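Asker: dropping the sequence and predicted coords here.
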Amino acid sequence: MRRQLQPGQVLYLYCEFTHPHKDKFLVVAYAAPILGLLVINSEIPEYIQKRSPLKQCEVKIDVASHGFLAYDSYIDCQQVITSLTKDHVEKQLLNDMSRLKGMIAESVREQVIAAVKACEKLKPREKNRVLTAFADV
């Protein structure tokens, strides 16, 4: 199971960090020493669309290359979620393996790397974790 939690893997998990709590698509950003996840949203929030430095941290993930999506969406690369533990994620996956969706396309992976590099909101340590993890894949 832990081998599946590699950078670029898309998961569909129940998330308690959202309000209201709900299932969300997430991309594994890194898996060591803790699990870091990027959120996939169906659209870019208006406040981000109006701010160019934030908008460059959004990466389009297309339904044509990612059949598990119902429509084109966006990976938010300006925040890494670390509140979901590996144990919690593994329990959800063991209970329902269909929550493991597949890897992001290579072109999207490259755009995520570029967005993380350009993101002014991420702390250098967080950027380094994501970039190192994606480089190792």
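Answerer: Here it is on my side, so go on.
Asker: where does pLDDT dip in the protein?
Answerer: Applying pLDDT under 70 to the chain picks out residues 1-2.
Asker: so where do the helices sit in it?
Answerer: Assigned helices in the chain, in chain order: 46-49, 52-55, 86-95, 106-118, 124-135 (criterion: DSSP state H).
Asker: could I get these in JSON lines, plus columns for mean neighbour count?
Answerer: For glycine as for every other residue, the C-beta is placed from the backbone atoms N, C-alpha and C. Listed next are the helices of the chain as JSON lines, based on neighbours: other CB atoms under 10 Å:
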{"stretch": "helix 46-49", "mean neighbour count": "12"}
{"stretch": "helix 52-55", "mean neighbour count": "13"}
{"stretch": "helix 86-95", "mean neighbour count": "14"}
{"stretch": "helix 106-118", "mean neighbour count": "17"}
{"stretch": "helix 124-135", "mean neighbour count": "15"}
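Asker: any chance of CSV for those, columns distance to residue 77?
Answerer: Below are the helices of the chain laid out as CSV (distance: least, CB to CB, whole Å):
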stretch, distance to residue 77
helix 46-49, 11
helix 52-55, 10
helix 86-95, 20
helix 106-118, 4
helix 124-135, 8
